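Asks: Turn this into a structure:
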Amino acid sequence: MINVGISTFPTDYSVDIAILANNAENLGFDSMWLAEHPILPVDSKTPWPGSEDGVIPKKYADTADPFVALGRASAVTEKLLLGTGICLIPERNPLILAKEVATLDMYSKGRFLFGIGAGWLKEETDIMGGDFAHRWTQTREAVMAMKELWTTVESEYHGHYYDFPPVYSFPMPTQRPHPPIYLGGHAKNVFRRIVSWGDAWMPNRTTPQEIEDGKKTLDRLAAEVGRNSSEIGITVYGVEADRELLKDFESAGADRAVVSIDSVEEGEAISQLEEIASKLL
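Replies: Have a look, this model is predicted:
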């Protein structure tokens with residue numbers, strides 16, 4: 001049966017993430033994924049891709065830091081996998097981010113899943129110092145730099161966006177060589193990126209047919225470079241709590257589906273969690 005995870009935007013008015021994580025583990029969910037938006041520009045012309053009117057939901061401005069929240073969740077769980085869904089790589093310094101990832105992986109005893117993306121909100125990326133026009137190039141370079149930090153005692157990297165001499169960066173991640181890297185989105189080159197330097201595909205707002213087509217592409221590209229495509233995971237993000245739909249996604253090649261919990265207070269959040277569990281688990 002396909003694994004089922006949950007996602008949410010943790011805020012100061014929604015359920016304590018520790019309570020949500022503990023209940024999710026007890027109910028049998030396999031993972032919990034938290035979103036990231038460090039800031040939300042007051043004046044933004046970029047439309048939100050998740051709706052026809054383009055209005056960005058309030059929770060995007062309200063969300064807490066995912067790494068701090070996942071660290072809290074790790075302390076009250078033992079088996080629940082903990083993921084970023086997604087971390088906005090161009091908006092972070094890879095030297096600091098590599099340490100945050102490794103520290104969380106260490107304290108969770110190897111339960112971290114590194115969901116990443118390049119972002120869609122230009123104004124946010126600009127404010128945070130990212131190169132929006134070339135954000136995937138920047139993202140790849142950041143990941144390459146972090147892989148050096150995670151795997152080499154005296155790590156160095158020399159690129160266009162990031163350039164540093166030999167440094168020590170500890171702790172090393174518990175998972176070796178590093179936590180799996182899940183690439184979000186439907187970008188034109190996402191499959192080549194996954195095969196080249198990623199570990200899994202994590203599309204949002206997709207269909208079983210798109211998953212089936214995407215898996216065929218991943219299989220073909222992996223074969224071209226001599227990589228075993230069975231090692232590349234597919235997690236479907238933002239799925240409705242529909243058992244038949246999950247069966248279709250599983251048949252199409254997905255190994256995990258992630259269902260959203262609203263940013264609401266404890267009683268309502270646990271009610272939603274239990275309802276999803278009753279339908280899917």
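Asks: buried ones in stretch 174-182?
Replies: Judged by neighbour count (16 or more other C-beta atoms under 10 Å), stretch 174-182 contains these buried residues: Thr174, Gln175, His178, Pro179, Pro180, Ile181, Tyr182. Any C-beta I mention is one placed from the backbone N, CA and C, and that applies to glycine too.
Asks: wait, isn't the last one in contact with Gly83?
Replies: Yes. The pair Tyr182 and Gly83 passes the contact test of C-beta atoms under 8 Å, sitting 7.1 Å apart.
Asks: Find residues that contact each of these two.
Replies: Leu113, Phe114, Gly115 (C-beta atoms under 8 Å, 6 or more residues apart in numbering).
Asks: any idea which helix or strand comes after the one helix or strand Ile6 maps to?
Replies: If you go by DSSP states H and E, Ile6 is part of strand 3-8. Tracing the chain C-terminally past strand 3-8 and defining elements by DSSP H and E, one meets helix 17-27 next.
Asks: list the helices and strands that following helix packs on?
Replies: strand 3-8, strand 31-34, helix 66-74, helix 266-280 (3 or more C-beta pairs under 8 Å, 6 or more residues apart in numbering; DSSP states H and E).
Asks: for that helix, the distance to its chain's centre please.
Replies: Here helix 17-27 shows a centroid-to-chain-centroid distance of 19 Å under the convention C-alpha atoms, centre = their mean, to the nearest Å.
Asks: quick one, what contacts the residue most central in space within the chain?
Replies: The centroid of the chain falls nearest to Gly115 when counting by C-alpha atoms, centre = their mean (2.3 Å). Contact partners of Gly115, counting by C-beta under 8 Å, 6+ apart, are Trp33, Gly83, Thr84, Gly85, Ile86, Cys87, Tyr182, Gly184, Met202, Thr235.
Asks: For my notes, confirm the second one occurs in a helix.
Replies: Put plainly, it is Gly83. No. Using DSSP: H, G, I helix; E, B strand; the rest coil, the assignment for Gly83 is strand, not a helix.
Asks: could you measure it against Ile194, distance?
Replies: 16 Å (C-beta to C-beta, to the nearest Å).
Asks: So for those two, which sits in the more crowded spot?
Replies: More crowded of Gly83 and Ile194, by other C-beta atoms under 10 Å: Gly83, with 28 against 25.
Asks: just to revisit the earlier point, mind listing what's buried in the strand holding Ile6?
Replies: Using 16+ other C-beta under 10 Å as the test for burial, strand 3-8 gives Asn3, Val4, Gly5, Ile6, Ser7, Thr8.
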